[in-house]
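K.L.:
Output the structure for:
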Amino acid sequence: MIGIARGGARTFGDLIGQLDHLEIVCPKCDRLGRYLVHRLAMQHGPDFKLPDWIALMTRDCPRRRSPGLADACAAQCPGLLGLAFEDASEAPPGSRNGSGGRRGPVQD
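P.N.:
Model (predicted):
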């Protein structure tokens, strides 16, 4: 089970032993990347929060600066949906995965 990290956000350390790879996808721009969790924890530290990592990975997305919510960046990590959470209210919302699209680096 994944516990609640400081500030309520999950960290790379929380994912070690739960996931081997972490995917980031955006159904609006078809962005897709796949990364090894242990490598992310080594690069950024085990206490690095997932929302901060998503913001880092999408820093070049023009939709992040969009004034309206309808066109806002929708990047998410769908692999988190299959994990057990201590509190069901802490589980991330469902995701939609676009077909095809721009693929980011796969770090294996």
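
K.L.:
contacts and neighbour counts: CA atoms only from here.
P.N.:
Fine.

K.L.:
Worst mean pLDDT across the helices and strands of this structure, which element?
P.N.:
strand 103-107 (a mean of 48; mean pLDDT, DSSP states H and E).

K.L.:
Tell me, how many residues neighbour D71?
P.N.:
13 (other Cα atoms under 10 Å).

K.L.:
Give me the pLDDT for it.
P.N.:
Note on D71: pLDDT of 77.

K.L.:
Excluding chain neighbours, give the residue nearest to it in space.
P.N.:
Take D71 and drop its neighbours on the chain: the residue closest to it by Cα to Cα, 6 or more residues apart in numbering is R63, 6.4 Å away.

K.L.:
So that neighbour, which state does it fall into?
P.N.:
helix (DSSP: H, G, I helix; E, B strand; the rest coil).

K.L.:
buried stuff in stretch 33-53?
P.N.:
For stretch 33-53, the neighbour count (16 or more other Cα atoms under 10 Å) marks 33-41, 46, 48-50, 53 as buried.

K.L.:
With just CA atoms, put that stretch into CSV.
P.N.:
C-alpha atoms of stretch 33-53 as CSV (Å, rounded to 0.1, in the frame of the first residue of the first chain):
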residue,chain,number,x,y,z
GLY,A,33,7.0,8.8,-21.8
ARG,A,34,8.1,5.8,-19.8
TYR,A,35,10.7,5.9,-17.1
LEU,A,36,12.2,3.5,-14.6
VAL,A,37,11.1,4.3,-11.0
HIS,A,38,14.4,3.4,-9.4
ARG,A,39,16.3,5.6,-11.9
LEU,A,40,13.9,8.5,-11.2
ALA,A,41,14.4,8.1,-7.4
MET,A,42,18.2,8.1,-8.0
GLN,A,43,18.1,11.2,-10.2
HIS,A,44,15.7,13.3,-8.3
GLY,A,45,15.7,11.7,-4.8
PRO,A,46,13.2,9.4,-3.2
ASP,A,47,11.3,12.3,-1.6
PHE,A,48,10.7,14.1,-5.0
LYS,A,49,6.9,14.5,-5.3
LEU,A,50,5.1,13.2,-8.4
PRO,A,51,3.2,16.5,-9.1
ASP,A,52,6.5,18.3,-9.1
TRP,A,53,7.9,15.7,-11.6
